[in-house]
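J.: give me coordinates for this.
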Amino acid sequence: MAGPAALLESLEHQAGALHTLRLVSAGSPGPAQYSPGGEMEVARLGQALELKEERKALGKTPEEDEETGELTPLSPGEPRPHRLSQPGLVRNETLREMALRSKLSRVVDATSRLIEVEQTLLLPLIQQHPFPLHPKDSIEFRNICSRMALQREGQQFEKDLHEAHQCLKTIIEKLIWSLAVFPSEPYIPVRSALRQILQNLLAM
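T.: Numbers count the residues shown, from 1 in each chain. Below you'll find the predicted structure:
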């Protein structure tokens, strides 16, 4: 059995994860978006300048830029690259980005609400009736979120976001299971709140 100390430890790690998630969600998924502090914008501008100079040195045409996923600004009257004639490519990329933003938003919201429930409802109860807790899951959650903030590759970011989502799901489910042994009325609001958080986290 674990008492308030274990819950407070979990809360500390979850709060650290939430702080990191909020910093991450202030940007958008993609390379060079999650460098610490002011380096984000500097790194992004630096990459843009390097690409421009590289295109100039290699004499790339808009069609060649298209092969790498980059577009050269059009001159007045210049026909649009053929990529814009394939709306499916643009739409799929946009939908993927929207899905990532939605998933990240759900993780941020669920983490914030979980911390609130643990502080206001669960902490007073665990002082009276200790029950099993798993701080190591909160430690892992914080580590995953920290790793997300340093990613520069979209696929790796997406993988870490999925792991963070699953880890948070595990934390909430274990809390619900632990509380299942307490059928008394004071625990009903806590279980109900946790189930609602889990439902929102898993919403598509």
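J.: ramachandran coordinates for Ala180?
T.: Dihedral pair for Ala180: phi -60, psi -20, per degrees, to the nearest 10.
J.: ok, it - how many residues close by?
T.: Burial of Ala180 is recorded as 11 neighbouring residues (other CB atoms under 10 Å). Bear in mind the C-beta positions are built from the backbone N, C-alpha and C, glycine included.
J.: contacts only, for it.
T.: Arg191 (CB atoms under 8 Å, 6 or more residues apart in numbering).
J.: from Ile171, how far out is it?
T.: 15 Å (CB to CB, to the nearest Å).
J.: tell me which stretches of this protein form helices.
T.: 4-25, 39-58, 62-67, 87-117, 123-126, 135-148, 154-179, 188-202 (DSSP state H).
J.: tell me which other helices or strands the longest one touches.
T.: For helix 87-117, the elements it packs on are helix 4-25, helix 154-179, helix 188-202, judged by 3 or more CB pairs under 8 Å, 6 or more residues apart in numbering; DSSP states H and E.
J.: can you rerun that using 10 Å?
T.: Helices and strands touching helix 87-117, by 3 or more CB pairs under 10 Å, 6 or more residues apart in numbering; DSSP states H and E, are helix 4-25, helix 135-148, helix 154-179, helix 188-202.
J.: C-alpha coordinates for stretch 130-144, CSV please?
T.: What follows is stretch 130-144, C-alpha atoms only, in CSV (Å, rounded to 0.1, in the frame of the first residue of the first chain):
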residue,chain,number,x,y,z
PRO,A,130,-3.8,4.1,1.4
PHE,A,131,-4.0,2.1,-1.8
PRO,A,132,-1.5,0.8,-4.5
LEU,A,133,0.1,3.6,-6.7
HIS,A,134,2.6,3.3,-9.5
PRO,A,135,4.9,6.4,-9.5
LYS,A,136,7.2,4.8,-12.0
ASP,A,137,4.5,5.2,-14.7
SER,A,138,4.5,9.0,-14.0
ILE,A,139,8.3,9.0,-14.2
GLU,A,140,8.1,7.3,-17.6
PHE,A,141,5.4,9.7,-18.7
ARG,A,142,7.6,12.7,-17.8
ASN,A,143,10.6,11.1,-19.6
ILE,A,144,8.6,10.6,-22.8
